[in-house]
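Visitor: model this:
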Amino acid sequence: MAEPVIVEMTLNGRPFRAETTPRTTLADFLREDCGLTATHLGCEQGVCGACTVSMNGATVLSCLVLAVQADGAEIWTAEGLDGAAAPLAQALHAEHGIQCGYCTPGILMRGTELLEEQAAPSEQEIRLGLCGNLCRCTGYAGIVKAVARAASADPSLPSTGTVVPRREDERLLAGRGEFVNDVSPPGTLHAAFLRSPIASGLITRLEAAAARALDGVVAVFTADDLNPQAGQMRPTPLLEADEPPLLPLAADRVRFAGEPLALVVARDRYIAEDAVDLIEVEIEPEPPVLDPETAAAGDAALVYQETGSNLHQELASPVRPKLRQALEDSPHVVHATSRQQRQTNAPLETRGVVSSYDPDTKELVASISTQNPHEAKLAISRVTGVPVERVRVTARDVGGSFGQKVWTGRDELTVALAARVLGRTVKWIETRQENLTASGHARMDIGAGTFALNEEGHILGSYFDHLEDTGAYPTGVVAKAGPFVGMTFTGPYRVPLHAFRFRSVRTNTCPRGAYRGPWAFATVAREQMLDEVARAVGLDPLELRRRNVLGAGDLPYTMPTRLVLDHVTPAETLEEVARRLDYQGIRRRQRRLLEEEGRLVGVGLAIGLEPSSIGTMEPIDRDTARLQVEQDGTVTAYLATGAGGQGVETTMAQVVAAELDLDLEDVRVVQGDTGATPYGRGTGASGTAVITGSACRAAAAELLAMAKELAAELLGVPADRIEPRRGMLADRLDPGAALSWAELAKAAPARGAAERLEAFGHYKAPPMTWSNACHGCVVEVDRDLGLVRIERYVVAEDCGKIINAKVVEGQIAGGVLQGIGGALFEEVRYDEQGRPLTPGLAEYAVPTALDAPTVDFVHIETPSATPGGHKGMGQGGAAGALACVFNAVADALAQVGARVDRTPLDPERILTALAEAGSRSRQPAARPPSPS
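Guide: Numbers count the residues shown, from 1 in each chain. Below you'll find the model as predicted:
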């Protein structure tokens, strides 16, 4: 082991001297030795920008700089700025340039430098200057606006109406966020996994003696050590599933590249990774099953020998005679396909857990990056055998998830089990390579649709055949999402007859998980196919939609699968988008540019329904809120939600404040701690506004009833005369007779009302709360380079009664950019042996600030039938954007006879399509096939 060295530097304006090792990165040194945890780690490649700091007057990526290289340097981190008072910080707060906050310190450092370089940068200069700082949440629009605002005289913005800046921002801007990697209790040990480089094969040898002998190694666990001690590892919704067992570590064979084989626990992360390299493993490879169509074939190799088939799930609705006749004899019968590539969530903060077990108290405490703390608590209890009442889970800040962190993963549970076995504190932070190859993949879907239409272009019936790749095994309720795609395929259109077949198959690939809408393929496939149908029957895609879209007079509308649509506005959103885009003007310009200059411009539309707050999806179909009046008169809301960037601390405080007629500052939200909050659903599936918000309303109503009774008793008036009035409970007939909430809180125990003034509220969601949106965009395709430039982007959405407009727009913009990434860039790829080809963010391309369009928002508010009139809207942006951008590119290509039916539409695929169509292209390219 290398001898320690002393480094000296000026750190945030003060001299600093510490011991380190020659191989310690500056990022790790700042975080571990200096306690400056605002410097975040997101890629280990110098790609994401989260670790940006200033070194001798210029920003550097501290994950690529060694601490010894900073000896004698002047270093500034985000903590050294003026916190929330810095001009750029104020502007980010005002422009909703923050969601999860993980990228924010890096944005602050680089943005501040950019403003020092250019006093008044243009929008393009800002985007170019920030293109090295990735953000997966915001869509960059708020960040770009914030830098421009910071260059102006007034970076701040007052709060008015529903435009309420988020209260989460203050700590995130000051570098005081607490993400899981920021948690390091004294004596913490560090874990690292040995993972299989092979997709399928028999483990013939695993020797860990050299690793165990390495100085600093505390334990090396193999399957023989941990598997016999592990309880059920599947998430709560899948406990009764008839599935092969899921165990901490692979024992006799591996089923995907990245599957965990052994776990090393050591004094620090560097030693743990050294020890992983010393473990000798031999795997006898077998031909992997990588393609879902191959997996579905009867003669395919089996991922699990004991199942007898790779078929994981199958569901079909009957093709009744009327539908069969329509699909065979209608004036127009159109067949279309849609192939969606394998993607992954790639949150900027990877997964992680810090698990501590005390053998004396027999209590286990876990800090974890999760959207669903109470589910994590249940899962940890099941796996470790620690009684659930002795398990506590905390999750203060979560650096993005997009579905990946709803259900507690196999790796986090394995680390918690190791902590219980050792009776120590064990920490594991996922590397970016692990995140991209072993955490969960999504989207790998193949759809074949058939549409029957009459002469006027009205849809008479449809059939949808859907094949889904579930990977080595499914995670969470994503295993139940596939059939829902078929059930909702007809979407916001009048389709009298419909049937579907759904199949999911196992493959030797990373397990399938949720990614911002597990049922998004219903929108993606349908909207892509409708454009194909329009071209086949000679109608403009807008006109085809106009002839079939549901209008107000059609509601409530019973879909062919018996799902009922109501309180939606698909026709209205379609017309708003067409008007904002000047659709007919675009068509005229499109023809002119092609005829005069040979340029390919395309316009795309996509209408989507988002099935939010699904009341049939246990256990995330209900929630509980607890409200407590503190002695100073403020109210604390205790919620089971998790902070993943959705602004829950702000929006739920707004709900409670409105119900109790309190100032927003007088309501505090506590979440992400199972020791303080009632059991609940967490945050996900677009359910917070509807389900958690309704639970908050129920608790507020109960609390108000209790407070009225107490105030009436104290004031000597009937309870029905008491009403809330801006922080007081007053007699409506005598406004001078009033009591503050503080007075009531102090009086409650004395009057025997209760130990404290508190109330619980419960809410169970109805079967479905539909939100809807229409997306429209204009693109230009470069015929020589195959590049796509997005010129315009419009979203008209209806998420019911809006709580906070900025939060809504931020969720939409972030979803839109992830949809654009799916349409144009992002793809997880394997080679023919099943080895990952996209192990880092340098290979798995996510959109940068240069790729993000400015989104034009149109808000339509149609209240739902739920207590607050809200609808969920966190996922629809990603599905709508993917279909919309695809359609725009396909529309541009169709002008010269080129056709595409799969994503991503990257330059290779576009140039290939142009070449196959015989269109001029300087560099026609044949895209190599990918098993993914």
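
Visitor: Contact partners for Val524?
Guide: With contact set as Cβ atoms under 8 Å, 6 or more residues apart in numbering, Val524 has these partners: 338, 340, 879, 882-883, 886. C-betas here are computed from N, CA, C, even on glycine.

Visitor: Leaving out sequence neighbours, find the closest residue to it.
Guide: Ala883 (4.8 Å; Cβ to Cβ, 6 or more residues apart in numbering).

Visitor: how deep is the one you found tucked in, by neighbour count?
Guide: 31 (other Cβ atoms under 10 Å).

Visitor: ok, now Ala84?
Guide: As a burial measure, Ala84 scores 16 neighbours (other Cβ under 10 Å).

Visitor: try Glu595
Guide: Counted with other Cβ under 10 Å, Glu595 comes out at 9.

Visitor: what does Gly644 give?
Guide: Per other Cβ under 10 Å, the neighbour tally for Gly644 reads 32.

Visitor: does it really touch Gly400, like I thought?
Guide: Yes - using Cβ atoms under 8 Å, Gly644 makes contact with Gly400 at a distance of 6.4 Å.

Visitor: shared neighbours, these two?
Guide: What both Gly644 and Gly400 touch, as defined by Cβ under 8 Å, 6+ apart, is the set Cys100.

Visitor: follow-up on the earlier one: so which two of the contacts of Val524 are the farthest from each other?
Guide: Within the contacts of Val524, Ser338 and Ala879 form the most distant pair, 12.4 Å apart (Cβ to Cβ).

Visitor: Please say which of the two ends up with more neighbours.
Guide: A count of neighbours by other Cβ under 10 Å puts Ala879 above the other of Ser338 and Ala879, at 28 against 24.

Visitor: Enumerate every residue touching that one.
Guide: 516-517, 520, 523-524, 608, 610, 815, 819.

Visitor: Emit the PyMOL select command for whichever of those residues are buried.
Guide: The following PyMOL line selects those of these that are buried, judged by 16 or more other Cβ atoms under 10 Å:
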select buried, resi 516+517+520+523+524+608+610+815+819
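
Visitor: Could I get the contacting residues of the residue lying closest to Ala865 once chain neighbours are set aside?
Guide: Residue nearest to Ala865 in three dimensions, not counting chain neighbours: His567, with 6.4 Å by Cβ to Cβ, 6+ apart. Under the criterion of Cβ under 8 Å, 6+ apart, the neighbours of His567 are 555, 770, 800, 862-865, 871.

Visitor: and the residue lying farthest from the centre of the chain, how far is that from Leu729?
Guide: Most distant residue from the mean C-alpha position of the chain: Gly716, 52.6 Å away (Cα atoms, centre = their mean). Distance from Gly716 to Leu729, counting by Cβ to Cβ, to the nearest Å: 13 Å.

Visitor: Also Leu715?
Guide: For Leu715, the distance to Leu729 equals 8 Å [Cβ to Cβ].

Visitor: what's the overlap in contacts for the two?
Guide: With Cβ under 8 Å, 6+ apart, Leu715 and Leu729 have common neighbours 722, 738-739.

Visitor: longest helix of the chain?
Guide: Identified as the longest helix of the chain according to DSSP state H is helix 693-715.

Visitor: So for that one, what gets flagged as buried?
Guide: Residues of helix 693-715 classed as buried: 693-700, 702-704, 706-708, 710-712, 714-715 (neighbour count, 16+ other Cβ under 10 Å).

Visitor: who's in contact with whatever helix or strand comes next after it?
Guide: Next helix or strand after helix 693-715 toward the C-terminus (DSSP states H and E): strand 722-725. Contact with strand 722-725 is made by 660-662, 704, 707-708, 711-712, 715, 729-732, 735, 738, as judged by Cβ under 8 Å, 6+ apart.

Visitor: try it again with 7 Å
Guide: Contact partners of strand 722-725, identified using Cβ atoms under 7 Å, 6 or more residues apart in numbering, comprise 660-661, 704, 708, 711-712, 729-732, 738.

Visitor: What of stretch 261-269?
Guide: For stretch 261-269, contacts defined as Cβ under 7 Å, 6+ apart pick out 189-196, 206, 208, 211, 216-222, 249-250, 272, 275-276, 279, 281, 414, 418, 422, 426.

Visitor: Drop anything exposed from the residues you listed.
Guide: Among those, those classed as buried by 16+ other Cβ under 10 Å are 189-196, 206, 208, 211, 217-222, 249-250, 272, 275-276, 279, 281, 414, 418, 422, 426.

Visitor: I'd like to know how many residues surround Arg23.
Guide: 11.

Visitor: just Glu306 next, same as before
Guide: Neighbour tally, Glu306, other Cβ under 10 Å: 7.

Visitor: From Arg589, how far off is it?
Guide: Counting by Cβ to Cβ - Glu306 and Arg589 are separated by 60 Å.

Visitor: what's the answer for Ala695, then?
Guide: Applying Cβ to Cβ, the value for Ala695 to Arg589 is 50 Å.

Visitor: Unless I misread the structure, Tyr638 falls within a helix.
Guide: No - counting by DSSP: H, G, I helix; E, B strand; the rest coil, Tyr638 is not part of a helix but strand.

Visitor: Hmm, it is touching Gly675, no?
Guide: No - in this structure Tyr638 lies outside contact range of Gly675 using Cβ atoms under 7 Å: 10.4 Å.

Visitor: Neighbour count for the two, which is higher?
Guide: Tyr638 (21 against 11).

Visitor: which ones are touching the more buried one?
Guide: With contact taken as Cβ under 7 Å, 6+ apart, Tyr638 is in contact with 626, 628, 670, 676-678.

Visitor: Highest neighbour count among those residues?
Guide: Compared across the contacts of Tyr638, Arg626 has the highest neighbour count, 22 neighbours, by other Cβ under 10 Å.

Visitor: any idea how far Glu797 is from that one?
Guide: From Arg626 to Glu797 the distance is 32 Å (Cβ to Cβ).

Visitor: before we move on, what about Gly553?
Guide: Going from Gly553 to Glu797 by Cβ to Cβ gives 21 Å.

Visitor: Looking at those two, which is more packed in?
Guide: Neighbours were counted for Gly553 and for Glu797 using other Cβ under 10 Å; Glu797 has more, 29 against 7.

Visitor: Now do the SS call for the closest residue to that one other than its chain neighbours.
Guide: The shortest distance from Glu797 to any non-neighbouring residue, by Cβ to Cβ, 6+ apart, is to Ala773 (3.8 Å). The three-state assignment at Ala773 reads strand, by three-state DSSP.

Visitor: Ala773: neighbour count?
Guide: 32.

Visitor: Name the residues linked to it by a beta bridge.
Guide: Under the criterion DSSP bridges, Ala773 forms beta bridges with Gly608, Glu797.

Visitor: List the contacts of it.
Guide: Taking Cβ under 7 Å, 6+ apart as the contact definition, Ala773 lies against 573, 608, 795-798, 876, 880.

Visitor: Identify the residues contacting stretch 735-746?
Guide: Residues from elsewhere that reach stretch 735-746 (Cβ under 7 Å, 6+ apart): 629-633, 707, 710-711, 714-715, 717, 725, 727-731, 757.

Visitor: How far does it sit from its chain's centre?
Guide: In this view, stretch 735-746 has its centroid 43 Å away from the chain centroid, taken as Cα atoms, centre = their mean, to the nearest Å.
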